[in-house]
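Q: coordinates only, sequence not included:
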């Protein structure tokens, strides 16, 4: 009862905080964050819900430098133990809200914590949570590309549960997320690009494209397609585009189809999509 009264009081006070200066609001929110984190562990669902939907959204919006490490640690503790699917979705909505609205430099020290949070989210039993996790990777790659370049391999591998999921919509989100990671990584230097192992997985996934073509490919073609994904002649990881076009040129088993799929990159993508879809099973 005390928690509920305190929570209601703070929520009511937020309506009048527009009379405070940004610095005053910032200071008050920083002082209140530990209390918010305790309320997230409450046995009363409405307290957890209000804390996530109202207080923490307000915190992220109004604090100049949010303590994301503390928020993510709370999320790591709560996601596996939160019994209500809607509240697990609220956790992803909170992080999506931050990623889409905060374009300040990402603190490098919290990269491992963020990746741990994302790993839990993509493995969640709730399809909506999985889908939102893919959207979060996309938002991070767009707003905080440095983070993704530092963790390119990890970002790609953690998306595998989305790519292999039974719902087409979630697989599509996973494909879009991998495309965004590859695009982000290709803009960096050789030391920050996605490495060969991660790119090998990524190029398989990024080529999935039209999933309905999965039935068109035999397993032998898929096995030979493995040779296309790896390093180029100079020993450096190949881009998805060069693997696609180079693979089509080198593949002796599909010469009869080569002319048909050489007409446009889109058609090449369709052909490679079928190959990679079969390869991933």
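A: It's in. Note that the coordinates shown come from a computational prediction; the quantities given were computed from them, not determined experimentally.
Q: so for stretch 81-97, what's the average pLDDT?
A: Averaged over stretch 81-97, pLDDT sits at 94.
Q: just for the stretch 151-281 of the chain, where's the confidence low?
A: Residue ranges of the stretch 151-281 of the chain with pLDDT under 70: 152, 185-281.
Q: can you rerun that using 50?
A: Judged by pLDDT under 50, the stretch 151-281 of the chain has its weakly predicted residues at 187-198, 201, 206-233, 235, 237-238, 240-241, 243-262, 265, 268-281.
Q: Let me see the ranges of the strands in the protein.
A: Under the criterion DSSP state E, the chain carries no strands.
Q: for the residue lying closest to residue 174 once chain neighbours are set aside, what are its contacts?
A: Of all residues not flanking residue 174 in the chain, residue 162 sits nearest, at 3.0 Å (CB to CB, 6 or more residues apart in numbering). Glycine gets a C-beta too; all of them are placed from N, C-alpha and C. Residue 162 makes contacts with 122, 130, 131, 133, 134, 170, 171, 173, 174, 177, as judged by CB atoms under 8 Å, 6 or more residues apart in numbering.
Q: 7 Å instead?
A: By CB atoms under 7 Å, 6 or more residues apart in numbering, the residues touching residue 162 are 122, 130, 134, 170, 171, 173, 174.
Q: can I get the residues you listed in CSV with distance to residue 30 and neighbour count?
A: Shown next, in CSV, are the contacts of residue 162 (distance: CB to CB, whole Å; neighbours: other CB atoms under 10 Å):
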residue, distance to residue 30, neighbour count
122, 31, 24
130, 32, 23
134, 31, 29
170, 37, 21
171, 41, 19
173, 34, 23
174, 36, 25
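Q: ok, which pair from these is furthest apart?
A: Spatial extent of the contacts of residue 162 (CB to CB) is set by the pair 122 and 171 at 12.2 Å.
Q: Distance of the residue nearest to residue 174 relative to residue 70?
A: Going from residue 162 to residue 70 by CB to CB, to the nearest Å gives 27 Å.
Q: Same check on residue 141?
A: 24 Å.
Q: more crowded one of these two?
A: Taking other CB atoms under 10 Å, residue 141 and residue 70 do not tie; residue 141 has more neighbours (24 against 15).
Q: Isn't the more buried one up against residue 147?
A: No: the pair residue 141 / residue 147 is not scored as a contact, 8.2 Å apart, by CB atoms under 7 Å.
Q: excluding its backbone neighbours, what's nearest residue 56?
A: Residue 56 sits nearest to residue 94 (CB to CB, 6+ apart), 5.5 Å away.
Q: what's around the one you found, how many residues?
A: By other CB under 10 Å, 18 other residues sit near residue 94.
Q: give me every residue that touches it.
A: Residue 94 neighbours (CB under 7 Å, 6+ apart): 52, 56, 57, 60.
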